[in-house]
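J.: one predicted model, sequence on top.
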Amino acid sequence: MLAGLTDKEAAQLLYDWEFWARPNQLPPVSDWFIWLLLSGRGFGKTRTENETVIKWAHDFSPIALVGQTKADVRDTMVELGESSILSISPPWFMPEYEPSKRRLTWPNGSQAIIYSGDEPDQLRGPQHAKASVDELAKFKYPQDTWDNLMMGLRIGANPQVVVGTTPRPIKILKALLADPKCVVSRGHTLDNRANLAPSFLEFITKRYEGTRLGRQELSGEILDDNPNALWARDDIESTRVMKAPELIRIVVGIDPAVTSNEGSDETGIIVAGLGRDNHGYILDDVTVKASPEKWARAAATAYYTHKADRIIGEVNNGGDMVEFTIHTVDRNVPFKAVHASRGKVIRAEPISALYEQKKVHHVGTFPELEDQLCEWVPGGKSPDRLDALVWALTELMTQEAETEQLVIYDPISEVEDELNLRR
């Protein structure tokens, strides 16, 4: 069949999404307002969203492109990667991308505007005919972003939005599943095995298949809380705020990875503050998987960005390396080393109790952190973000910090000690 095609016909077939897509990657046949793609990682959600946008651009404008951050929209939805709009658009219908204007313009004049889930007010006012939302469950302000988008989706006779996300048991996704105007397509990571690296498939199936995390990240299931976990999503959700009050103290908690190879853990970096109401506020999660030099820079940047008082770091595994690495990057950053003298469960329980007492508030949404809190079961390996959070809130809100072994960097006393040794 291919040999009998002209060059023009072959090119048209190459860019014919309806020919190449799997059935669960094609829009619903029935009338729909919201098309929700719930699936595991690597399923092809982004490709499906972007192909839908390209098809819309032939007839509708403007289109909203909404991602977790502006960088995510630019990299994943627009510019980079095999599934981005600029990578999969046919040459005869290639849009012009104007990054400074956050805008794509197709040859027929149709436009798409970029928005981000960490700035929901950007969507307050603009009107759109269609919208594409990538990884809604990872947004910092998912509900506010969604509400503002819906208010402006009012142009034309048939406004529509396609939403692709790896599911998390958050309020907005549960509401969408219950909405009669929402049509849901589900899929598994393995549905797309023909387009995924064999080494990736072998790794994820061996490590995650059959686990709770695998059911969420591979099968695309929305899971209820783990009944054995110390944290509950309802406790986090009920105290969530959009903005922190005046804070009297801010710290950066860090749980460093000991190694920096491909199989290493992430370095947990959580920023927390103490309000005048004696409540704790989680301000940021800048966790990274990187070399010691890079995670130290990330922690120092968070320190300056949030005008923190000091960095709190666990040194049980890394020893003096943690303090040395931080001060190699910036010797002016106050650092407090904490040595865990008690087990992780004993240290985590007082912090989870503060959540139950409604004394800790997340400023926005931190999906990966909240997953770790609500999935970790005492006795299991405690994850990086959770550990960093426990160190930060322990320092701010409990008396335990006074009984831990502490090493505080003080450049003046360091010089004095050196002089005394020389004498």
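T.: Happy to help now that I have it.

J.: hey, let's count contacts and neighbours off CA atoms from now on
T.: Noted.

J.: got a list of contacts for stretch 218-233?
T.: With Cα atoms under 8 Å, 6 or more residues apart in numbering as the test, stretch 218-233 has contacts from 38-41, 166-169, 186-190, 209, 212, 215-216, 349, 352, 355, 370, 373-378.

J.: do a quick rundown of the strands in the stretch 151-300 of the chain.
T.: When assigned using DSSP state E, counting those that start in this stretch, the strands of the stretch 151-300 of the chain occupy the ranges 160-165, 182-187, 247-255, 268-275, 280-285.

J.: so where is the stretch 301-423 of the chain shaky, pLDDT-wise?
T.: For the stretch 301-423 of the chain, the stretches flagged by pLDDT under 70 are 316-320, 340-344, 399-423.

J.: out of the strands of the stretch 151-300 of the chain, which gets nearest to Phe335?
T.: Taking Cα to Cα, strand 247-255 is the member of the strands of the stretch 151-300 of the chain nearest to Phe335, at 9.5 Å.

J.: that closest one vs strand 280-285, what angle?
T.: 50 degrees (axes from the mean of the first three to the mean of the last three Cα atoms, to 10 degrees).

J.: so what's the gap between strand 247-255 and the chain middle?
T.: Relative to its chain's centre, strand 247-255 lies at 20 Å (Cα atoms, centre = their mean, to the nearest Å).

J.: what strands line up against it, and which way round?
T.: For strand 247-255, the paired strands and their directions (DSSP bridges) are strand 268-275 (antiparallel), strand 310-314 (parallel).

J.: can you redo those as a markdown table with mean neighbour count and distance to Pro28?
T.: What follows is the strands paired with strand 247-255, written out as a markdown table (neighbours: other Cα atoms under 10 Å; distance: least, Cα to Cα, whole Å):
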| stretch | mean neighbour count | distance to Pro28 |
| --- | --- | --- |
| strand 268-275 | 27 | 41 |
| strand 310-314 | 25 | 50 |
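
J.: ignoring the adjacent residues along the chain, who's closest to the spatially most central residue of the chain?
T.: The centre of the chain sits closest to Lys138, judged by Cα atoms, centre = their mean, with a distance of 4.5 Å. If you skip the residues right next to it in sequence, Lys138 has Pro367 as its closest partner in space, 5.5 Å away by Cα to Cα, 6 or more residues apart in numbering.

J.: how close does that neighbour get to Ser185?
T.: Distance, Pro367 to Ser185, using Cα to Cα, to the nearest Å: 22 Å.

J.: same question for Phe366.
T.: From Phe366 over to Ser185 (counting by Cα to Cα), the distance is 25 Å.

J.: burial of Met1, as a residue count?
T.: Number of residues near Met1 (other Cα atoms under 10 Å) recorded here: 4.

J.: now do the closest residue to Glu18 other than its chain neighbours, the pLDDT please.
T.: In this structure, Glu18 finds its nearest non-sequential neighbour in Leu26, 7.1 Å apart by Cα to Cα, 6+ apart. The model reports Leu26 with a pLDDT of 91.

J.: measure Leu26 to Leu386 for me?
T.: 39 Å.

J.: more neighbours, these two?
T.: Using other Cα under 10 Å, the more surrounded residue of Leu26 and Leu386 is Leu386, with 25 against 16.

J.: surely the more buried one is in a strand?
T.: No: with DSSP: H, G, I helix; E, B strand; the rest coil as the criterion, Leu386 is assigned helix and is not in a strand.

J.: next up, the contacts around it.
T.: Contacts of Leu386 (Cα under 8 Å, 6+ apart): Gly268, Leu369, Gln372, Leu373.
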